[in-house]
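Engineer: My questions are about this predicted structure, shown below with the sequence.
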Amino acid sequence: MDTVTLKMVTLVAEPVLEEKLTSKLLELGAKGFTVTDARGRGSRGIRASEVPGESVRIEVVVSAKVSDAILEHVKQAFFPNYAVIAWVTTVDVVRGEKYV
Amino acid sequence: MDTVTLKMVTLVAEPVLEEKLTSKLLELGAKGFTVTDARGRGSRGIRASEVPGESVRIEVVVSAKVSDAILEHVKQAFFPNYAVIAWVTTVDVVRGEKYV
Amino acid sequence: MDTVTLKMVTLVAEPVLEEKLTSKLLELGAKGFTVTDARGRGSRGIRASEVPGESVRIEVVVSAKVSDAILEHVKQAFFPNYAVIAWVTTVDVVRGEKYV
Amino acid sequence: MEILKANLLSPIALAFALGIFAKLIKSEFSLPKDLYTALSIFLLFALGLKGGVELGHATFDDVAWPVVVTLLLGVVTPLTTYFVLRVVGKFSVSDAAGIAAHYGSVSAVTYIAAMTFVKSQSAEPEGFMPTLLTLLESPGIHIALAIGAIKTAQPGQSLKAVLHEVLTARTMILLVGGLLVGLAMGEKNWGSIEGFFDTKGPVFKGALTLFLLEMGIVAGSRFGDLKKVGPFLLGFGVVMPVLHGALGVWLGSLAGLSLGGATVLGTMAASASYIAAPPAVRVTLPEANPTYYLTSSLAITFPFNILFGIPLYFRLSQALHGG
Amino acid sequence: MEILKANLLSPIALAFALGIFAKLIKSEFSLPKDLYTALSIFLLFALGLKGGVELGHATFDDVAWPVVVTLLLGVVTPLTTYFVLRVVGKFSVSDAAGIAAHYGSVSAVTYIAAMTFVKSQSAEPEGFMPTLLTLLESPGIHIALAIGAIKTAQPGQSLKAVLHEVLTARTMILLVGGLLVGLAMGEKNWGSIEGFFDTKGPVFKGALTLFLLEMGIVAGSRFGDLKKVGPFLLGFGVVMPVLHGALGVWLGSLAGLSLGGATVLGTMAASASYIAAPPAVRVTLPEANPTYYLTSSLAITFPFNILFGIPLYFRLSQALHGG
Amino acid sequence: MEILKANLLSPIALAFALGIFAKLIKSEFSLPKDLYTALSIFLLFALGLKGGVELGHATFDDVAWPVVVTLLLGVVTPLTTYFVLRVVGKFSVSDAAGIAAHYGSVSAVTYIAAMTFVKSQSAEPEGFMPTLLTLLESPGIHIALAIGAIKTAQPGQSLKAVLHEVLTARTMILLVGGLLVGLAMGEKNWGSIEGFFDTKGPVFKGALTLFLLEMGIVAGSRFGDLKKVGPFLLGFGVVMPVLHGALGVWLGSLAGLSLGGATVLGTMAASASYIAAPPAVRVTLPEANPTYYLTSSLAITFPFNILFGIPLYFRLSQALHGG
Ligand SMILES: Nc1ncnc2c1ncn2[C@@H]1O[C@H](COP(=O)(O)O)[C@@H](O)[C@H]1O
Ligand SMILES: Nc1ncnc2c1ncn2[C@@H]1O[C@H](COP(=O)(O)O)[C@@H](O)[C@H]1O
Ligand SMILES: Nc1ncnc2c1ncn2[C@@H]1O[C@H](COP(=O)(O)O)[C@@H](O)[C@H]1O
Ligand code: NA
Ligand code: NA
Ligand code: NA
C-alpha cells in the first residue's frame, strides 16, 4: 500500500474560534479539515460560552511545511489570549498527494 | 507497561457510508471500531446529505496486515466516487492482543 | 517550531465511566483532557446505557511517566469489568511544558 | 391570482421565504439537527394517526380507484423522468436514474403544504390521502434504482439492502405505523390526543411553520449550486413537476377524488423526494452526481411547488371539477 | 377483558407496540437522543408541577398512611427481589443486588401510563401520587447497592458519590423540584400554564405517545438479549412484578387509597427502574452483568406492565374496593 | 411588596430559582443543548410573529417617539457602562468595552419575563414592543466593540465580520424575520397558528418556564466565579441595571409609552445581553476577561432583573404614570 507520510495537526480550541481557525488553515495551505465537537478541561478553562468547557477539535492533514506555519500562527495569534492546545503526529496518508 | 504496537486507521467519510464502511471493517478482520460525528471541508465537499460537510470519523485499531487490507479496499471501492480520507498512525495498545 | 515530545493517551469507554475516568486522569497528573461523544462496536459491547454502543472518547496529552501511570490504572481498575480500549501515540506539542 | 396570493401569504410560505432569505444574507442560523428531526417526526406521525382514524370511515369503493391511479403514478413518473433526462437532457444513466428516483417518489413536506393549503381554501380532501402518500413513497425509488443498477451492473446485494432501508426508514415507520395505530385506536382514543396531533390544529401548523423555516434554510444553502447544474436542469426542475402535477390532478379527478384530493394527488406526483431518495441513490449509484439530484429536487422543484406549484395544481383541479 | 382491551387500544400502548415492531423489522429509526430527553423532562416536570398544585389541597391525614406504606414498599421490594434471586435463582451477589436496585426503584413512565389509564377509566387517583413516586424512587436503589457494596467489599466512597448522583439526577430534580414549584405557585399561577403542563391534557398525552414510541424501540432493541438471560429471569420478570403489584395494591387499599390510587401504587411497586438504576449499578457493582438487569427491567417487566400489568393491578384494586 | 411577591411566585421565577438550586446542590442535570436552542428559537420567533401582527395596527405617531428613545438608550447605555468601569472601576479598556457591549445590548429572556409580568398585572404593553427590542439589540454591541477595537488597535476586518455575525445571528433572524412574516400574513393567517405561538398562551408560557429552568442552571453554574470578579463588579451588576432601568422607564414614559410599555423598555435598558455579546466580544477583544463579562451579566444582573428588577421598574413606572 503506497502512502505519503504527512503531518496531522490537531487543535482543540473554544468554539468561537472555529470559523477563524479553519479559514486560517485553508489560507495557510491546508486542503481541508475535519471538526468534531468536544468538551474538556484545561489549565484555564476560560470560555466565552454558556456551557463551560465546550471545545471544538480540529484535525488537519498537511505537509511538514504547512504544519509549521499553522503552529507558528496559532502560537502567535491564539495562545496569548485563548484556550487552545495544539499537537502534531506523523501519519501515512492514502492518496496523500491530494493534501499537499 | 507492556503494550502491543498496532496500526490505527482513521477514515473520514460522508455519513451515508457509515454502515457500509464499518461492516466492511469487521469483515476485513477488525475486532471493533469507534465512530464520531464530524463536519469538515475537503477538495470536493460533495455530499448526499441535507447538511453539506457532515462527515463520520471512523477509528479502527488493527494489525498492519488488516490495515493494508482496509486501505486497499477503501482505495478501490470508495475513493473513485466518494468523499473519503484515510490516514494511518502507529499506536501502542494496552491489551493489544485483543485487537489482532 | 520548537515543540515538546509527549504521549497522547486515548481512552474509549462506556459513558458512565466519564466522570470516574477524567477525575482519575487529573489525579494521576494530567493537566487537562478532551472528551468527544462516540459510538462503536467491540468484542463485548456490554453497556449500561439505553443506547447500546454509546461511548466517550477521552484524549489526554501527558508525559511518558503519567501515561504509564494512566495505562496501569486503567488496566487494573477498568479492564476486568468494563468496555474500555486504550492506546498511546507520540505527539509533538506546542507549549508542551504546560502539560507536564 | 387570488389563490397564489393566499398561498404566498400563508405562514408556511412566508417562513420558507424567510429561511431562504436568511441564507442569502449569509446567516449562520439554522435549526438544531435534533429539532429538525423532532419536527419531522411529529408531522409525519400526526399525519399517519389522523389518516388512520379517517381511513376507518372509508369504504373499499372510496379507496379503490384512487389507490390504483396512485400506484400508476408511482410507476409512470420515474420512467418519464428517466427518459426525459436521457433522451432530451443527454444525462448519463446514473445521473438520469438518480434524479428519477427523486421525482418518482414524493416530498412529504410538499404534501403537507398542499393539504394545509386546500383546507384553507375549504376544499377538504379525502381522509385517506395519507394512505396514498405512503403508497407513492417508495415504488419510484425502487424502479429508478433498479434501472440504474441494472444498466450500470451494480452488485444487487447492496440494492436489496438499500430497498429494505427505504421501506423501514423513518418516514415509512411513522406514516404506515401511524396509520395502523390510528386505525386501531379509533375515534374515542383519538379524542384524547387530537388537541396535540390534529393536522388542522395550531400545534401542527406551528410545527409546520418552524419546519418550513428550516427547509428554506436548507434549500437556500443549495442555491449556490444552481449555476453548476446548467440551464437544462433548471428548466426541468420547473417543467417536470408541472407535467406530473397536471397528470396527477387529471388521474385523481378521473378516480373520483374531490377538488382538494385531486390537488393533493397532483402535488404528490409533482413533488420530488429529498429525504428517502438521496442516501439511497448515493449508496446504490455512486457515479450519480449528488449536486444534480439534490439541487434539482431541493433548490428548484421544492421551492417552486411550495410557492407556485400548489396553487397552480389547485387551479387545474378547479377547472376539472367544473370550477 | 374489557379493561385489557381498553388498555391495549390506548394510544400509548399502540405507540409502544409500534416501536417494538419497528425494531423487529430491523428499522434504523429511533427518536433523536435530545428529543427523547426533552420529552422525559417535560413529562416529569409536568408530573411534579401538577402534583405540587394538588398537594396543596391535601391534609396531613390524607397523606400520612400512603406515605408510610410507600416507604415500606421501598424497603421491602429490593429485599424480596434480592433474596428470590439469590436463593431461588442462584444469582451472584452482584447480579442479585444489581437487579434488586432496579426492581426496588420505580419506572416513571410505567407510573405515568398507570395514571393515564386509571383516569381514562374515570378512577381519578389521589392528587398526591407524584409525591409517593418521588418517595419510592431512591430507597430501593440505596438499599440494594448497599447490600451489594458491603458483600463485595466495594470502596464506600464511590457508593456515596453514586447515591448523591441518584438524588440529584434529572428525575429527582424535576419531580421534587416540580412539586415544590407547583406547591409554591398555587392554583392561580398554575392556570396560566395548565394548558401546556396539564397531565390530563392533549400536550401531555401527545408527548407521552411519542415517548412510548421510543420506549418501544429501546425495549425492542433489547429483545435480542432475551435468550441470553435464561428461562429463570424470563419468568422472574413477569412473576415478580405481579407479586409486588399485588402487595402494592393491597397496602395501598389498606392505607385508604382510592381505586385509582391503589392501582397506581401497585404499578409503582411492580415497575422496575431503567433510568436511575442502571448507571448507578454499573458504577457501584462492576461485576453485575448489565445484560441481566437491563433485559429483565427493560425488555420483560416494562412491556409486561405497560401492556398487561396495569389493567391487572386495576382489576385487583377493583376487587379490594368491592368492585 | 405585593408586586414583588407576585413576581417571585410566578412559574418562571420559581423555575429559574429551581435551576439555580439544582446547581447549588451540584446536580449534573441540565436541558439538552438542542432543547435549549429549540426553546429559544420558539420564544424568539413567537415574539417576532406576534410583534409583526401587532405592528400592523400601529400608526407612525404611536411608534416614532418610542423608537427615538430606544435608539437613544442604545447609544447611552454602552457609554455610561464604559466610563463607569474605566473611571470608577479602573478596568482595562478591553474589559470595560467588553462589559459595555453586554450592558449596551439587551437580554431577550429578561424582556420576555417583563412582558409576561406586566401582562399578568394587566398592564398590557404596546404591541410594537418587539420592534423596540430588535432596535436595542445591536447598537450597544457595535459601539462598545468599536471603542475597544480602536483603543486597542485591533484589525478592523475581524470587527466587520463580527458585526455581520451579530446582525445575522439567530436572535435577529427570528425577531426581525418574525416581525416581517407576522406583518405580511396579517390577522387572518395569524389566527391559524395563534394557538401555538400566542405569547400570552400556555404553550409560550410553558416553554418559557422550561427555558428559565435551564437559565437558572446556566446562571447557577457561574456562581462559582462570583468571588473571582471582586466586590466592585458585584455592586456594579446590581446598581448599573437599576440606573439604566430608571432611565429607560423615564424616557419611555416621556415618549408616551403606557405603564406596561415603559416598564418593559426600562427592563430592556437594564438587562445585559449574554447571547449575542459574549462571542462577539471574545473574538474582537481577546484581552477582555470572559469571567468578568459573563459573570456580571449572567450571574448577577440577569438573576437580579428576573427576581427583583422587573417588579422594581414596574413600581417606578406606576409612579411616573401617577399610580
Ligand atoms: N493535557 C491535555 N490533554 C488533552 N486535551 C487538553 C489538555 N489540556 C487542555 N486540553 C484541551 O484544550 C482545551 C483548552 O485548554 P486550556 O487552554 O489549558 O484551558 C481544554 O478545554 C481541553 O479540551
Ligand atoms: N487535509 C485534510 N485534513 C483533515 N481532514 C480532511 C482533509 N481533507 C479532507 N478532509 C476530510 O475528509 C472529508 C472529505 O474530503 P474530500 O473527499 O476532499 O471532499 C472532508 O469533509 C473532511 O472532513
Ligand atoms: N479495534 C478497535 N478499534 C477502535 N475502537 C475499538 C476497537 N475495539 C473496541 N473499540 C471501542 O472500544 C469500545 C469498547 O470495546 P469492547 O471493550 O471491546 O467492547 C467499543 O465500543 C469501541 O468504541
Ligand atoms: Na413525485
Ligand atoms: Na418497583
Ligand atoms: Na441593556
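Structural biologist: Sure thing, it's come through. Ligands and ions are numbered 1, 2, ... in the order given.
Engineer: for chain D, longest helix please?
Structural biologist: When chain D is parsed with DSSP state H, its longest helix is helix D:170-197.
Engineer: and the angle from that one to helix E:170-197?
Structural biologist: With axes from the mean of the first three to the mean of the last three CA atoms, to 10 degrees defining the directions, helix D:170-197 sits at 60 degrees from helix E:170-197.
Engineer: what helices or strands is the helix or strand following helix D:170-197 leaning on?
Structural biologist: Later in the chain than helix D:170-197, the nearest helix or strand by DSSP states H and E is helix D:202-220. Packing contacts for helix D:202-220, counted by 3 or more CB pairs under 8 Å, 6 or more residues apart in numbering or on different chains; DSSP states H and E, involve helix D:11-24, helix D:33-55, helix D:108-120, helix D:170-197, helix D:302-304, helix F:33-55, helix F:170-197. For every residue, glycine as well, the C-beta is placed using N, CA and C.
Engineer: Would you format those helices as CSV with mean pLDDT and distance to ligand 6 included?
Structural biologist: Output for those, formatted as CSV (pLDDT from 0 to 100; distance: least, CB to the ion, whole Å):
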stretch, mean pLDDT, distance to ligand 6
helix D:11-24, 96, 25
helix D:33-55, 95, 29
helix D:108-120, 95, 40
helix D:170-197, 93, 38
helix D:302-304, 97, 39
helix F:33-55, 95, 17
helix F:170-197, 93, 14
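Engineer: who wins for proximity to residue F:87 among the ones you listed?
Structural biologist: helix F:170-197 (31.2 Å; CB to CB).
Engineer: list the buried ones in the helix ranked longest in chain A?
Structural biologist: Using DSSP H to define each element, chain A has its longest helix at helix A:64-77. The neighbour-count check on helix A:64-77 (16 or more other CB atoms under 10 Å in any protein chain shown) flags A:66-71, A:74-75, A:77 as buried.
Engineer: so which of those residues would you say is closest to ligand 1?
Structural biologist: residue A:74 (11.6 Å; CB to the nearest ligand atom).
Engineer: Surely that closest one touches residue A:88?
Structural biologist: No. Counting by CB atoms under 8 Å, residue A:88 is not a contact partner of residue A:74; they are 11.0 Å apart.
Engineer: returning to what we had before: quick one: contacts of the longest helix of chain A?
Structural biologist: A:6-7, A:9, A:11, A:21, A:24-25, A:28-30, A:60, A:62, A:84, A:86, A:88, A:100, C:1, C:3, C:94-95 (CB atoms under 8 Å, 6 or more residues apart in numbering or on different chains).
Engineer: Keep only those residues that also lie close to chain F.
Structural biologist: Subset of the contacts of helix A:64-77 in contact with chain F: empty, counting by CB under 8 Å from any CB of the partner chain.
Engineer: Select only the buried ones of these in PyMOL?
Structural biologist: Filtering the contacts of helix A:64-77 down to the buried ones (16+ other CB under 10 Å) takes a single PyMOL command:
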select buried, (chain A and resi 6+7+9+11+21+24+25+28+29+30+60+62+84+86+88+100) or (chain C and resi 3+94+95)
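Engineer: Quick check: strands, which of the contacts of helix A:64-77 are part of them?
Structural biologist: A:6-7, A:9, A:11, A:60, A:62, A:84, A:86, A:88 (DSSP state E).
Engineer: if I look at the closest residue to residue D:194 other than its chain neighbours, how far off is residue D:190?
Structural biologist: Spatial nearest neighbour of residue D:194, chain neighbours left out: residue E:202 (6.5 Å); criterion: CB to CB, 6 or more residues apart in numbering or on different chains. As judged by CB to CB, to the nearest Å, residue E:202 and residue D:190 stand 11 Å apart.
Engineer: do the same with residue D:238
Structural biologist: 39 Å.
Engineer: now swap in residue D:95 and tell me
Structural biologist: Separation of residue D:95 from residue D:190 (CB to CB): 45 Å.
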